[in-house]
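1. Generate coordinates for the sequence data below:
(one chain, ligands or ions: 2)
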Amino acid sequence: MTTTDSRRDLAALFASRVPLIVVESRDEVLVVDLITSVATTSVASTSAAPGPGAAIQLPVFRWTITEGLRRLDVQLGSAQAFNSQPADVLRTIRDTTQAGVYVLLDLHPFLDDPLNVRLLKDICQGYEQVARTVVLLSHQVTLPAELDHLAAHFDIGFPDRDERRAIVEQAATEWSRSHGRLVTTDAHSVELLVENLAGLSRGDATRLARSAIVDDGALLASDLPAVTRAKHEILGRDGILSYEYETVTLADVGGMAHLKEWLDRRRPAFDGSAPGLEAPKGMLLLGVQGCGKSLAAKAAAGVFGVPLLRLDLAAVNDKYVGESERNLRETLSTAELLAPCVIWIDEIEKAVSTSQSDSGTSQRLLGTFLTWLAEKTSRVFVVATANDITALPPELIRKGRFDEIFFVDLPDEAVRAEILRIHAHARGLTFTDPELTTLTSATAGFSGAEIEQAIVSATYGAYAARSPLLAQHVLTEVGSTRPLSLVMAERIAELREWAAPRTVPAG
Ligand SMILES: Nc1ncnc2c1ncn2[C@@H]1O[C@H](COP(=O)(O)OP(=O)(O)OP(=O)(O)O)[C@@H](O)[C@H]1O
Ligand SMILES: [Mg+2]
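-> Ligands and ions are numbered 1, 2, ... in the order given. Next up, the predicted model:
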C-alpha cells in the first residue's frame with residue numbers, strides 16, 4: 001500500500017463516522033503523523049464531490065500513559081498530565097463537547113478492565129451527539145467482543161518498493177555522513193535488499209537496513225542471509241517455520257548427479273541474475289531411508305544461495321486445532337515474505353497422511369498446501385521429502401504439483417566411493433585408491449547414513465587405540481554393520497517398483 005492509498009483510506013474512515021478505529025502498527029510516529037495530517041487537512045465527504053464545503057477540520061489529540069493527553073494540531077501549552085490514567089482520559093473524552101480524533105497509544109493492556117471497556121462504549125454510543133473518533137494504536141490490539149461491532153480496522157500497510165528503496169538510501173546516507181565515506185555497494189545488492197525488506201514495518205525495515213550496513217560499511221549480497229534471519233525472527237511463526245542455519249553445498253552430497261544438474265539449472269531464477277525467469281515451485285524427494293533426502297533439501301538452499309526454512313507441517317495441526325488451515329495459510333504468507341528462500345517440509349506424509357482418523361483435517365491441510373503451491377508465483381522453492389510411500393496421498397504425487405519427483409536410491413559403487421571420500425575427508429582422512437576400492441565393495445548395500453556412521457564409529461575406535469584415523473578402522477566398523485537394506489530388502493524392492501513409473505531417479 002502506498003502512502004496515498006493510506007491517506008485515502010483513512011479519510012474515508014473519518015468520513016464514514018466510525019467511532020472507534022483500531023490500528024495495529026509498530027510505526028507509531030508515522031501513523032500519528034498520518035492521522036494528524038489527514039484529519040487537519042481535508043476529510044473528503046463520502047457522498048458529494050469534494051467542494052469547498054466538504055472539508056472538515058478535526059482537532060487531533062494524542063494520549064500516552066507517560067504524558068497524558070496532548071493536542072497535536074495546534075500548540076496549546078503542555079500535555080494534561082492529570083489525564084494520564086486510562087480511566088481518567090476516557091472519562092474526559094466521554095464528557096467533552098469537543099469533537100475530534102483521540103489517538104490512544106498503547107491502551108491495549110488496559111482493555112481487560114471492564115471500566116475502560118464500558119467508557120469506550122459510552123464514547124462510541126455518544127458519537128451522534130459529539131463526534132469523537134477514538135483511535136487505538138498499538139503493535140497489537142485484541143478488542144473485547146463488546147466493542148467489536150463499533151470498530152473499524154485501519155491497516156497502514158507495509159512500505160512499497162519505492163518507500164523501501166528510500167529507507168535503504170536513507171540508511172546509507174546516514175552511515176556515510178557519520179563515517180565520512182561512501183557505503184560500498186552495487187545496484188544489484190541494493191535491489192535485492194529492497195526486495196528483502198518487503199512485509200516489514202518502516203521501523204523494522206530501517207533497523208535491518210542499518211544493521212546490514214553498519215558492520216563493515218558495505219551493502220552487498222552477502223548481507224542478505226543475515227537480513228532474512230533477522231526478518232524471520234521479527235515475523236516468527238511460533239516454531240512452525242524455523243530457520244535452518246546449516247545448509248550444505250553440492251560438494252557435500254555424493255551422487256544424485258541428475259538432481260544436482262536439475263537444481264543448478266534453476267539457480268538463475270533465484271540469484272537475481274535472470275529476473276524474468278519464472279520461479280520453480282519445488283521438488284518432492286522419495287526414497288530409501290538414510291540416502292540423503294534431507295541432505296539434498298539443504299543442498300537446494302546452498303545451490304540457490306538462499307536461506308533454508310523448515311516448515312513443520314505436523315505442528316500446524318497440533319498447535320492450532322480447528323484453525324490449522326488458516327494458520328498454514330498465514331505461515332505460507334510469512335514464508336513468501338521471506339522470499340527468496342527454500343522451504344523444507346521433511347516427512348510430509350506424516351502430516352498429510354490420509355490414513356489418520358482426524359475427521360479430514362489433514363486432508364484439508366493438504367488441500368490448502370497444494371492450492372498455495374499451484375498458485376504460487378513467489379521465489380519460494382519447496383522441497384518435500386517422504387519415506388513412507390504407502391502413506392502418501394495420491395494428489396501429492398499427481399503430475400504438475402511439484403516440478404519434479406525424484407527417487408533417491410541406495411548409492412551404487414561409484415557413489416559409495418564418493419560418499420566415503422566426503423565423510424573421511426571431513427575427518428582428516430584421505431584413502432588411497434586400493435583402500436577406497438576395498439571399502440567401496442565392503443559397503444555394498446549401505447546407505448549414505450550408514451557409511452557416515454561407520455566412519456564416525458571408526459574415529460572412536462582410532463581414539464581408543466591412540467591412533468590416527470585409518471582406513472583399517474573404517475573397514476572394521478563396516479564389517480560389523482548389518483545394513484538396513486539387508487533387513488528390508490523386500491520393502492526396498494517394492495519401493496523401487498512403485499517409484500519406477502512415478503518418479504525420476506535422482507542419480
Ligand atoms: N548421498 C550422500 N552423500 C553424502 N552424505 C550422505 C548421503 N546420503 C546420506 N548421507 C549422510 O547421511 C546423513 C543422513 O542422511 P539424510 O538424513 O539426508 O537421509 P534421508 O534420506 O533424509 O534419511 P531419512 O529417510 O532417515 O530421513 C546425512 O546427513 C549425510 O551425512
Ligand atoms: Mg531425512
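
2. which residue ranges form the helices in the stretch 101-250 of the chain?
-> Residue ranges of the helices in the stretch 101-250 of the chain, as given by DSSP state H, counting those that start in this stretch, are 114-125, 145-148, 161-179, 187-196, 202-214, 224-235.

3. angle of the last one against helix 187-196?
-> Between helix 224-235 and helix 187-196, the angle comes out at 10 degrees (axes from the mean of the first three to the mean of the last three C-alpha atoms, to 10 degrees).

4. Dump helix 224-235 to PDB, restricted to CA.
-> The C-alpha coordinates for helix 224-235 follow below in PDB (Å, rounded to 0.1, in the frame of the first residue of the first chain):
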ATOM      1  CA  LEU A 224      21.200 -10.700   2.800                       C
ATOM      2  CA  PRO A 225      21.100 -14.000   4.700                       C
ATOM      3  CA  ALA A 226      21.500 -12.100   8.000                       C
ATOM      4  CA  VAL A 227      18.700  -9.800   7.000                       C
ATOM      5  CA  THR A 228      16.400 -12.700   6.200                       C
ATOM      6  CA  ARG A 229      17.300 -14.300   9.500                       C
ATOM      7  CA  ALA A 230      16.500 -11.100  11.500                       C
ATOM      8  CA  LYS A 231      13.300 -10.800   9.500                       C
ATOM      9  CA  HIS A 232      12.400 -14.300  10.300                       C
ATOM     10  CA  GLU A 233      12.800 -13.500  14.000                       C
ATOM     11  CA  ILE A 234      10.500 -10.500  13.600                       C
ATOM     12  CA  LEU A 235       7.900 -12.400  11.700                       C
END
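
5. how near is residue 294 to residue 123?
-> From residue 294 across to residue 123, the span is 57 Å (C-beta to C-beta, to the nearest Å). Yep, even glycine has a C-beta here, placed from its N, CA and C like the rest.

6. right, I mislabeled it, should have said residue 296
-> Residue 296 is 60 Å from residue 123, by C-beta to C-beta.

7. quick one, which of the two is more surrounded?
-> Legend: neighbour count by other C-beta atoms under 10 Å for residue 296 and residue 123, higher for residue 296 (27 against 23).

8. now the helix or strand harbouring that one, how far from the chain's geometric center?
-> Using DSSP states H and E, residue 296 sits in helix 293-304. Chain-centre distance of helix 293-304: 18 Å, with C-alpha atoms, centre = their mean, to the nearest Å.

9. and the angle for that helix with helix 224-235?
-> 120 degrees.

10. still on that earlier bit, need the winner for burial among the helices of the stretch 101-250 of the chain.
-> helix 202-214 (a mean of 20; mean count of other C-beta atoms under 10 Å).

11. avg pLDDT for that one?
-> Per-region confidence: helix 202-214 scores 90 on mean pLDDT.

12. Can you give the contact residues for it?
-> 26-27, 30, 159, 163-164, 167-168, 170-172, 174-175, 183, 193, 197, 200, 219, 223-224, 226-227, 230-231, 234 (C-beta atoms under 8 Å, 6 or more residues apart in numbering).

13. Could you check how many residues crowd around residue 199?
-> Quick note: residue 199 (other C-beta under 10 Å) scores 18 neighbours.

14. gap between it and residue 222?
-> 22 Å.

15. for residue 265, same thing?
-> Counting by C-beta to C-beta - residue 265 and residue 222 are separated by 24 Å.

16. next one: residue 70
-> From residue 70 to residue 222 the distance is 46 Å (C-beta to C-beta).

17. Same question for residue 296.
-> 24 Å.

18. got it, and residue 266?
-> In terms of C-beta to C-beta, residue 266 sits 21 Å off from residue 222.

19. Most proximal residue of the protein with respect to ligand 2?
-> residue 294 (3.2 Å; C-beta to the ion).

20. Now do the contacts for that residue.
-> Contacts of residue 294 (C-beta under 8 Å, 6+ apart): 344, 346, 385.

21. State the distance from it to residue 12.
-> Distance from residue 294 to residue 12, by C-beta to C-beta: 51 Å.

22. Would you confirm that residue 274 contacts residue 266?
-> No - with contact defined as C-beta atoms under 8 Å, residue 274 does not reach residue 266; the gap is 10.1 Å.

23. anything in stretch 295-304 near ligand 1?
-> Yes - applying C-beta under 6 Å from any ligand atom, one finds stretch 295-304 touching ligand 1 at residue 295.

24. I'd like to check what contacts that stretch. Which residues are they?
-> 244, 246-250, 252-253, 256, 259-260, 263-264, 266-267, 270-271, 283, 285, 307-308, 340-342, 344, 346, 381, 383, 385, 406, 408, 448, 506.
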